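[1] A structural model of the following input is requested.
(chains A and B)
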Amino acid sequence: MKHVSRTSFFLILAAILLLAGCSTATPAPASAPAPETPAASEAKPSTDSQNKEIVLATTTSTQDSGLLDAILPAFESKTGIKVKVVAVGTGQAIKLGEDGNADVLLVHSRPAEDQFVEQGFGVDAYDVMYNQFYIVGPESDPAGVKNAKTAEEALQKIAEKQATFISRGDDSGTDKKEKSIWKNAGITPSGSWYLSSGQGMGDTLQMADEKNAYTLTDEATFLSRKLGLAVLMQGDKALLNPYGIIKVKSTGKPELADELISFFVGEEGQKMIGEFGKDKYGKGLFVPDAKKR
Amino acid sequence: MGLPTEVLEVIWLSLQVTTTAVFIGALIGIPAGALLGLYSFPGRRLAVTIVYTLMGLPPVLIGVIVYLLLSKYGPLGSLELLFTPEAMVIAQVVLVSPILAGLTLSAVQAKERTYSETAKSLGATPSQLVWTIVKESRKGIWAGVAAAYGRAISEVGAVMLVGGNIEHHTRVMTTAIILETRMGHYETGLYLGLVLLLISFVFNSFLMMGVLEQINAKRRKM
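    The predicted structure is shown next:
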């Protein structure tokens, strides 16, 4: 009995190792250009597929919303370039670019983006798309945000009532947007009603839901989560959220970076961005507006 | 972040949460480990296997379970404990109790054979016998406490989930390191990591001192 179980243990172990070996071996052929698209043969047939990898540092919102999963496969099968997505806060994404650990940035914090380009870390910056921010909160709306005319007024009402507000507090694009609205409203939020979660948008929304609190969220992440929060403020100009795509100057793969950027700002990519989410939410989550800066 | 007072606040909360959790975990784990190591009862082997399995429980899994229990929509939601230091203590207690039980178990088993015969022949009652063995195993038990403390204070997944990393409220060293790194402040993250290591070092030094003293005391007696 003991012998039998020992042999079967080794058999299982061997099977696992075999499987592991197989799975590490598969990516190479999988990343080769898919033959069914005619563009694949036109693109760059002679380049070896081994080295065709590129790192895209982006914000959590583009990944959490599912946008990248929806459009990157089309790019990968068309060009044979594998895009490795690092989804972090805008602050870290930009740092990754500065350190040369990413080839392309797709982020949303205009002042930080401009600074990145001005300091010589980035070139070829484009507007790609925009989406909206919402101020969301409990259905009961204790601070009366629904009646506010602008985003600033909404935050003023929240501060007056000292209703719980959860800030990302992580220096991300959304966090910077929130801070700028508070600043324009002439309020320095502090006190036990103003919490700083230091986490991503999805986690922060979850926390707002648990604590019956208000928060500022991007539309895409909000719509992709099913929560008990209501949209209380939208449509104000201050709540628009533009995304930019920037090539990292120190990239070792400028041609691949160019291909990725022209996909995002090109006709096909823009169309896919506009379509994304329509089937699921009845409206697109991102509005394409490609433009060279 | 970056201001000394804020760093101190984060360090202090880490110490408070972990010390409380290890203390409660010890109250649960050490008696449980002694029980499993010194008494035989039906299902004991299974219980031992379960304890050893739980020692390797991924902290994130503990976090998810505690989160779901404490969530507004969960069975214990009415307690409103989610995103509080208490929630982090609960998660860490679940994390350290099996470690303390498992290491106590092996410590007392190692001493059992040596001491049980002697103590019995000297006319010890069963409870005196257990107490003697546990006392003689304290070196191993202390090592268990050190291991549990190190595991709990350096854990990030569970405390992030159930604590929420709220500034001035539930932000501890490990979650602060994650946040600083996400914001691109690698230096601050590294700095906090070094503080964490230092605390671990000081804590283990105290433990080692205690253990060494015991050894020396015993040698002198001999």
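[2] could you use CA atoms for every contact and neighbour count after this?
    Will do.
[3] B:Pro75 - that's part of a strand, no?
    No - applying DSSP: H, G, I helix; E, B strand; the rest coil, one finds B:Pro75 to be coil, outside a strand.
[4] burial count for B:Asn216?
    If you count neighbours by other Cα atoms under 10 Å in any protein chain shown, B:Asn216 ends up with 12.
[5] how near is it to B:Trp142?
    If you measure B:Asn216 against B:Trp142 using Cα to Cα, to the nearest Å, the figure is 16 Å.
[6] A:Asp114 too?
    56 Å.
[7] and the two? Which one has more around it.
    Using other Cα under 10 Å as the criterion, A:Asp114 and B:Trp142 rank with B:Trp142 on top: 20 against 16.
[8] am I right that the more buried one is in contact with B:Leu207?
    Yes - counting by Cα atoms under 8 Å, B:Trp142 does reach B:Leu207; the two are 7.1 Å apart.
[9] do whatever helix or strand B:Ala87 lives in and chain A come into contact?
    Per DSSP states H and E, B:Ala87 falls inside helix B:85-121. No - Helix B:85-121 stays clear of chain A (Cα under 8 Å from any Cα of the partner chain), getting no nearer than 13.8 Å.
[10] now for that helix, which elements pack on it?
    Where contact means 3 or more Cα pairs under 8 Å, 6 or more residues apart in numbering or on different chains; DSSP states H and E, helix B:85-121 is packed against helix B:4-38, helix B:44-55, helix B:59-70, helix B:126-136, helix B:138-153, helix B:157-163.
[11] for that helix, buried residues please.
    B:85-109, B:111-112, B:115-116, B:119 (16 or more other Cα atoms under 10 Å in any protein chain shown).
[12] from the chain's centroid, how far away is that helix?
    Distance of helix B:85-121 from its chain centroid, counting by Cα atoms, centre = their mean, to the nearest Å, is 11 Å.
[13] average pLDDT across that helix?
    For helix B:85-121, the per-residue pLDDT values average out at 91.
[14] got the angle between it and helix B:59-70?
    Orientation check (axes from the mean of the first three to the mean of the last three Cα atoms, to 10 degrees): helix B:85-121 against helix B:59-70 gives 110 degrees.
[15] give me the angle between helix B:85-121 and helix B:4-38.
    Using the same axes, to 10 degrees: helix B:85-121 against helix B:4-38 is 40 degrees.
[16] now B:Glu6. Nearest residue, chain neighbours left out?
    Nearest residue to B:Glu6, sequence neighbours excluded (Cα to Cα, 6 or more residues apart in numbering or on different chains): B:His168, at 7.9 Å.
[17] so the one you found sits against B:Glu9, correct?
    Yes - counting by Cα under 8 Å, B:Glu9 is a contact partner of B:His168 at 7.3 Å.
[18] would you list the phi and psi of the residue in the stretch 101-250 of chain A that chain B sits nearest to?
    Scanning the stretch 101-250 of chain A for the residue nearest chain B gives A:Ser197, at 4.3 Å (criterion: Cα to the nearest Cα). The phi/psi pair for A:Ser197 (degrees, to the nearest 10) reads phi -80, psi -30.
[19] burial count for it?
    Count around A:Ser197 with other Cα under 10 Å applied: 29.
[20] excluding its backbone neighbours, what's nearest it?
    Leaving aside its chain neighbours, A:Ser197 sits nearest to B:Ile166 (4.3 Å; criterion: Cα to Cα, 6+ apart).
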